[in-house]
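K.L.:
After the sequence you'll find the predicted model.
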Amino acid sequence: MERSLHKCLDDVSQVASVKGCLVADEQGLCLGVRGKISPQTSGMITALSQQAGLLEPGSIKQPVLILENDFRQCYIHGNGKIVTAIQKTASF
């Protein structure tokens, strides 16, 4: 599994607009990171994903969070077992 996770991170990080990507487990432990995203943020990213899931209890799919400023967008999505975060250059 570790090899396929690292290959997936490598593939995502090579997309032109992606500046960084991170995968964490449900406890906030960073499982892998590429690019300009700090592994120290994995706990906060996991907590944000879990809190967003409480907005629609009983929903089959977890929501996708999009945090943005003038320069970057960060997409966060969890599925219960893992949480992914992808940081991209803003597209506006």
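P.N.:
Now that the structure is in, tell me what you want to look at. Numbering: from 1, shown residues only.

K.L.:
what about stretch 7-23, average pLDDT?
P.N.:
Stretch 7-23 comes out with an average pLDDT of 93.

K.L.:
Endpoints of that stretch, how far apart?
P.N.:
End-to-end distance of stretch 7-23: 12 Å, with Cα to Cα, to the nearest Å as the criterion.

K.L.:
Give me the buried positions along it.
P.N.:
Within stretch 7-23, the residues scored as buried using 16 or more other Cβ atoms under 10 Å are Leu9, Val12, Ser13, Val18, Lys19, Gly20, Cys21, Leu22, Val23. C-beta: built from backbone N, CA, C; applies to glycine.

K.L.:
okay but the second one is in contact with Val18, surely?
P.N.:
Yes - judged on Cβ atoms under 8 Å, Val12 makes contact with Val18 at a distance of 6.0 Å.

K.L.:
okay, and the common contacts of these two?
P.N.:
Overlap of the contact sets of Val12 and Val18 (by Cβ atoms under 8 Å, 6 or more residues apart in numbering) consists of Ile86.

K.L.:
Which one of the buried residues of stretch 7-23 is nearest to Gln62?
P.N.:
The closest of these to Gln62 turns out to be Val23 (Cβ to Cβ; 14.5 Å).

K.L.:
ok, now how distant is that closest one from Gln40?
P.N.:
Taken as Cβ to Cβ, to the nearest Å, the spacing of Val23 relative to Gln40 amounts to 14 Å.

K.L.:
Lovely, talk soon.
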